[in-house]
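Engineer: sequence plus predicted model, see below.
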Amino acid sequence: MKAAARHAGIILAGVGLSCALPFTAGTSRASALPPGLPQLPHLGESMQRDNRSGFALSGFDPVAYFLNDAAVPGLPDYELISEGMVWRFASAANRDAFREAPEVYTPRFGGFDASGVAEGRVVDADPRRFAVIGSRLYFFRSDENRQRFLTEAALRAKAQERWSTVTALIAR
């Protein structure tokens, strides 16, 4: 009787262990990223990242906005991981310029719509709708938001004032 009970206990323990192993293996595999990639976005991250590709600025070259006054797609050959984000560039020179001074080329308000920030909201922006004002890069959701931001200086001041409050609203 004791041998039969012990045998049944071993079988039950084996079944339980075999059920638990695939679960733990699956969960650890899902959270592991290949080496060299940035970690997944997390709560409180303050830079807009394309949800489909994972690239900052949807893969557009941040330096080209200043040099070409245009939204130029970056190339896979010229990628850089900075601040946990994957940035793409149109050339090695642009990548190196960004590496030396990311604070110069990183867009204001985390790449979110500057007009939305002025209104106290987090609004995704289109990297093809941009403006370089002074030495700062801004993005917008629509041409109307861009035009309004360019013509109303008070809107720029309001956006700057509200940015610290708006960053708390960003959830990933």
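Structural biologist: Done, it's in.
Engineer: ranges for the helices of this protein?
Structural biologist: Assigned by DSSP state H, the chain shows helices spanning 2-31, 64-67, 92-100, 102-105, 114-118, 143-151, 153-166.
Engineer: which of the ones you listed comes out lowest on mean pLDDT?
Structural biologist: Among these, helix 2-31 has the lowest mean pLDDT, at a mean of 46.
Engineer: can you check the pLDDT for residue 54?
Structural biologist: Residue-level pLDDT assigned to residue 54 equals 73.
Engineer: residue 86 is in contact with that one, correct?
Structural biologist: Yes: between residue 54 and residue 86 there is a contact under Cβ atoms under 8 Å: 6.0 Å. From N, CA and C alone the C-beta is placed, and that goes for glycine too.
Engineer: between those two, which is the more surrounded one?
Structural biologist: Neighbour tally, residue 54 and residue 86, criterion other Cβ atoms under 10 Å: the higher count belongs to residue 86, 18 against 15.
Engineer: check contacts around the residue nearest to the more buried one when sequence neighbours are not counted.
Structural biologist: Once flanking residues are discounted, residue 86 sits nearest to residue 55: 5.2 Å by Cβ to Cβ, 6 or more residues apart in numbering. Neighbouring residues of residue 55 by Cβ atoms under 8 Å, 6 or more residues apart in numbering: 49, 74, 85, 86, 87, 88.
Engineer: the second one reaches residue 91, doesn't it?
Structural biologist: No: because the distance of 9.2 Å does not satisfy Cβ under 8 Å, residue 74 is recorded as not touching residue 91.
Engineer: neighbour count for these two, which is higher?
Structural biologist: Higher neighbour count among residue 74 and residue 91: residue 74, with 26 against 17, using other Cβ under 10 Å.
Engineer: that one and residue 97, how far apart?
Structural biologist: Between residue 74 and residue 97 the computed distance is 13 Å (Cβ to Cβ, to the nearest Å).
Engineer: got it, and residue 65?
Structural biologist: Distance from residue 65 to residue 97, counting by Cβ to Cβ: 12 Å.
Engineer: with neighbour numbers in mind, choose between the two.
Structural biologist: Each of residue 65 and residue 97 has its neighbours counted (other Cβ under 10 Å); residue 65 has more, 22 against 18.
Engineer: ok, the more buried one - contacts?
Structural biologist: Counted by Cβ under 8 Å, 6+ apart, residue 65 has contacts 71, 105, 130, 132, 137.
Engineer: ok, residue 126 next?
Structural biologist: Counted by Cβ under 8 Å, 6+ apart, residue 126 has contacts 139, 140, 141, 142.
Engineer: buried only: go through the residues you listed for me.
Structural biologist: 139, 140, 141 (16 or more other Cβ atoms under 10 Å).
Engineer: quick check, nearest of these to residue 60?
Structural biologist: Closest approach to residue 60 among those (Cβ to Cβ): residue 139, at 9.8 Å.
Engineer: many thanks, I have nothing further to ask.
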